Every structure is written in structure tokens, then in C-alpha cells.
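Novice: Provided below for reference: sequence and predicted model.
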Amino acid sequence: MRPQVTQAAFARWPQLALLSVALVGIGLAGAQIAGTQVSGAQVPGAQITFGKLNLAGKQVQSINLYGAEYASETTLGDLLTIKRQGAIVRVEGLGHVLLLPIDEDQVRSTTDFNTVQLDAQRLKARTATLVNGNLYLPLDTLARGLGASYQTGQFTLATRTLQTVSSRTGKDSDRLVLDLNREVTVKDELRGTVLRVILKGTLAKPQRYTTRAAFIPYAEVTQEGSDAIVSFTLPQNSGYRVYPVVRAGGTRIVVDVGPGIPSDIPALMERLAKPLIVLDPFKVQGTGRDVTLEVARQAAELLTKAGWQVKLTREQSGELSISDRLSLARQSDVYLALDIGRFPGTTRGGVTVYENTGSSPSLLVNTVRNGKVLPYGSLVVGDVGGTRRLSELLRGELKGSVTTGQDSIAKMLTLSETAQAALLLELGWAGNAQDRANLAMQGRVQAFSVAVARSIATYLTARANNSSQVASTVITGAKP
């Protein structure tokens, strides 16, 4: 007779937490000491055949060992983290931890003689064994512990799902808790002032969650392709952190937000939320009404009402000095000069958007624009593509109401000093009678103002979205 291992030895183990491998080894390994040891060699008359297994969508090889299907450590290694610790094998993945004794008696390993631990639950089930010195694990036991679906030749993972969203309020920070049924790869993106937590390959029900929290009053859950997105506004002067908690039966993603969380957001990223728009209306004598100032004022009013930060270089009461204008131009995220063309004796007319093609007096600006890459460099120095995109947006907004041309200019001091997107909008020509008549109409001034405001707002919004801060976190024990 084989000696029996009493259940009393297991009854003393804690019920709510995983045991240390050392402690488990005493009990689990003890269960497979009795009987004849085969030392990994195939017993006489062993019934082992090879088969094909669809492992989470991938075709791999399995073996049939005395009527039970097993897969090798190598085969399962792409899906799970498997570690041999003495007489115990530890399996981590999909938000679960499994402890299986290694029973070198192949026949006995395929029965329910051994006790395995699936998260905090212990039960009798098939366990790991050795075949020709290689470690093999039973697929039905793995499926049971990992929450997967299994039938012979088919091992299917449960669809990754965002199950619940909850919140907790603190004194100087709030907590958003995302519970999923299994492991997930998480990315966080800061788009302007909106923080997006991206759960890769996850299904979620689109919904708006309201909370009683002071720093996260709401969170929006959306589905974008195969990914679930949880987004909310990051409060001013607040930091955030996103981290996983692996627990029995699933995975929890925790998002802490508030002034009590140290901010590791580069100072340059703040420019995405608070960009500076500089409108520089040139003063033109002898044209009657001050059209450049009117357009600048109306555009600034539209932008300010929408929450943007705008500064004008000139008002009716006076204008900034050239050094102050240059200083603003250097600080700006968008610089737009407004002018009316004038040249004695010319009949030239029409509206033109000019892009700067000259070099900058700044070595840093020229270095970046010539192809050198710096961390967050696009927030320090915009490439020519930014100016070109703003030009296209402005001309697009004017299309239909004002015929607009495009040209370049190489020697304009304020444009060359500007590190970000910068344009000169020429509203017409003082010596052209038709242009003077057009500029006298309030509808033309209104069209210019709206086009300027909308093109700048669209450009800066897109820039914020494209300059997201991205960080990735992979849950411990999961395979990316």
C-alpha cells in the first residue's frame, strides 16, 4: 500500500493568500513522494502520442500522456511565465498564479492524486511531470486556473474585458480603479490636459462615470478599435501615476491623480495645455480704418472665449517696442503677423499667406530644423511642417470667401526669430482699388477674423494630440 497524505497538513495553510513556495513545497511535494520514482524516464509501455494544439490562436505541438493532453514548458513560454523552484513549478499569467508539484511518476501525474494550488484555491488535479527530462504541464489544470476554455486540441483565452470602474476620494489625491478579468498592457497618454489610459486589446462598454471625487469628477470610457480608453481631465498642478495590481481572478489598474502626487511631466509638456498665441498687427498709414488691428482684436476675442492664451503686440493706445515684439515672438507657439501690402506705383492686389524660408539667428533652432532630434524637441522648436500645416489650415478656412495665394519670405525679423509656427497674412494691397473696397466691408474683416481663430485653434489642438506623453506598463507575469 502507498502511504496516504492526510488533509490535516493542508488545513493549516492560510486560505486567502498564496503560500510561499518553500511552505507549499513541504505539502505539495510530499504528496508525490510515495510510490515508485521514475526520474523522468518513460515507464515501460508508456502511452505517449504527439498531437496538434491551438494555443490561444497559435498552432503548436502537444502530447497525449495516458489520455491527458500536456504541453511543454517551451511551448507555453510564449503565453505564460513558468519558473521551476525545486519540486514545484510556478506559473504566472493572465492575472493568476498557479503552483503545481512536479510529479516524476508520469502515470500518477495524470490522475487527481496530487494537490495543486490555483491562486488561493487548493484542489486535487493533474499536475506537471517530466518527459525525457523536459517539463510538461497539463492543459486542463492550466485552463481551470487561468480562466481559459479548454477541450482537447483547443486552448482558448477569455476575452479581455473591463468589468468595473470605481473611485475613491482622498485628501490630496483621488483614485480611479479599473477592474479587468485578466492581465492587460496599459499605456497612458497626456493629450493637452486630457489623460487617456489605454487598455490594449480590451472590450469595454462605452459609458460616462461620474464620481464624488474632487480631482476626478468624471471618467469617460470609450472603445477605439480593439482598445478600451478611459479618459478624464488632469487638474492643474496635479500629478498622476498608473500602476497594476495583480489579484486572484483578474487584474486591477489603479490611477492616482491630484496635487499630492509628484508630477514627472516635463515642464515643456505644459506648453501643450497653455500655448501662447501672438498676433502682430502691423500699423499701415493712409488706408482709412485700421483693418489689421480690427482683425487681430476680433480673432483674439474668439480665441480667448474658447480658452486660449492670446497676446497682441499693438493696441490703439500704443504698440510694443521691437525688442518686446521679438521677445514675444520667441515665446510664442503660434505667431501671426497681419499686414497690408504697399509699394509706390504698384497695382498688385490679393490676399497672400507667407511662410518663412530664411534661417534663424538661433543655432538651436537651425540645428533642430536641420534634422537633429532632441527629447521633446518639437515643443522647443517646431519644424517647417508646423508652419506649413498652419498655412494650409488658414488658407482652407479662407477658401470660399476669400481667394488666397501662397508665397514665401526669407527676410522678416519676427518670423525668423520665432521657434514655432509663424506666418505673415497679407490682407490685401493699399494701392489696389478692389482690395481697398473689400477691406472696407465688415463682412471681409469678419471672414479674416474667424479664419484666423479657427485655423490657430485647430492647429494647436492637433499639435497637443500628436505630442502625447506615452508610457507603457506591462502587468507582471504577462507576456506583451
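Specialist: That came through fine.
Novice: drop to CA atoms for contacts and neighbour counts, all remaining ones
Specialist: Fine.
Novice: Put the alpha carbons of stretch 339-358 into CSV.
Specialist: Once side chains and other backbone atoms are set aside, the C-alpha atoms of stretch 339-358 remain, and they are given as CSV (Å, rounded to 0.1, in the frame of the first residue of the first chain):
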residue,chain,number,x,y,z
ASP,A,339,-0.1,93.4,-42.8
ILE,A,340,-1.3,95.2,-45.9
GLY,A,341,1.0,95.3,-48.9
ARG,A,342,2.2,98.6,-50.1
PHE,A,343,4.7,99.8,-52.7
PRO,A,344,4.7,103.0,-54.6
GLY,A,345,3.2,102.7,-58.1
THR,A,346,2.2,99.0,-57.9
THR,A,347,-1.2,97.7,-58.8
ARG,A,348,-0.6,94.3,-57.2
GLY,A,349,-3.5,93.0,-55.2
GLY,A,350,-5.0,90.0,-53.4
VAL,A,351,-4.6,88.1,-50.2
THR,A,352,-1.4,86.1,-49.5
VAL,A,353,-0.2,83.8,-46.8
TYR,A,354,3.6,83.9,-46.4
GLU,A,355,5.8,81.2,-44.9
ASN,A,356,9.3,81.9,-43.6
THR,A,357,12.1,80.2,-45.5
GLY,A,358,15.0,82.1,-44.0
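Novice: Who are the packing partners of the one helix or strand R330 maps to?
Specialist: When elements are defined using DSSP states H and E, R330 is found to belong to helix 322-331. Helices and strands touching helix 322-331, as assessed by 3 or more C-alpha pairs under 8 Å, 6 or more residues apart in numbering; DSSP states H and E, comprise strand 276-281, helix 413-417.
Novice: how far off strand 276-281 does that helix point, in degrees?
Specialist: Orientation check (axes from the mean of the first three to the mean of the last three C-alpha atoms, to 10 degrees): helix 322-331 against strand 276-281 gives 140 degrees.
Novice: Kindly give the local confidence score, pLDDT, for G192.
Specialist: The score at G192 is 67. That number is its pLDDT.
Novice: any idea how far the next helix-or-strand element following the helix holding R330 is from the chain center?
Specialist: Next in sequence after helix 322-331, counting helices and strands by DSSP H and E, comes strand 334-341. Its chain's average C-alpha position is 37 Å from that of strand 334-341, according to C-alpha atoms, centre = their mean, to the nearest Å.
Novice: buried residues in strand 334-341?
Specialist: Residues V334, Y335, L336, A337, L338, D339, I340, G341 are the ones in strand 334-341 that count as buried (16 or more other C-alpha atoms under 10 Å).
Novice: quick check: mean pLDDT across that strand?
Specialist: Strand 334-341 shows a mean pLDDT of 92.
Novice: Need the residues that contact that strand.
Specialist: When contacts are defined by C-alpha atoms under 8 Å, 6 or more residues apart in numbering, strand 334-341 is touched by residues 275-284, 292, 296, 329, 415, 418, 420-430, 456.
Novice: which among the residues you listed end up buried?
Specialist: Burial of those was assessed by neighbour count (16+ other C-alpha under 10 Å); the buried members are 275-284, 292, 296, 329, 415, 418, 420-430, 456.
Novice: Out of the helices and strands packed on helix 322-331, flag the one nearest Q106.
Specialist: Evaluated over the helices and strands packed on helix 322-331, closeness to Q106 peaks at strand 276-281, with 72.1 Å, by C-alpha to C-alpha.
Novice: what pairs with the closest one, and is each one parallel or antiparallel?
Specialist: Listed by DSSP bridges, the sheet partners of strand 276-281 and their directions read strand 309-312 (parallel), strand 334-341 (parallel).
Novice: May I see these organised as JSON lines, with distance to D227 added?
Specialist: Formatted as JSON lines, the strands paired with strand 276-281 follow (distance: least, C-alpha to C-alpha, whole Å):
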{"stretch": "strand 309-312", "distance to D227": "34"}
{"stretch": "strand 334-341", "distance to D227": "34"}
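Novice: Measure how far stretch 233-247 is from the centre of its chain, please.
Specialist: Relative to its parent chain, stretch 233-247 has a centroid offset of 13 Å by C-alpha atoms, centre = their mean.
Novice: before we move on, what about stretch 287-301?
Specialist: 41 Å.
Novice: Pull out the buried positions in that stretch.
Specialist: Of the residues in stretch 287-301, D290, V291, T292, L293, E294, V295, A296, R297, Q298, A299, A300, E301 count as buried by neighbour count, 16+ other C-alpha under 10 Å.
Novice: What separation is there between the last one and A440?
Specialist: To tie it back to what came earlier, the one meant is E301. For E301, the distance to A440 (C-alpha to C-alpha, to the nearest Å) stands at 21 Å.
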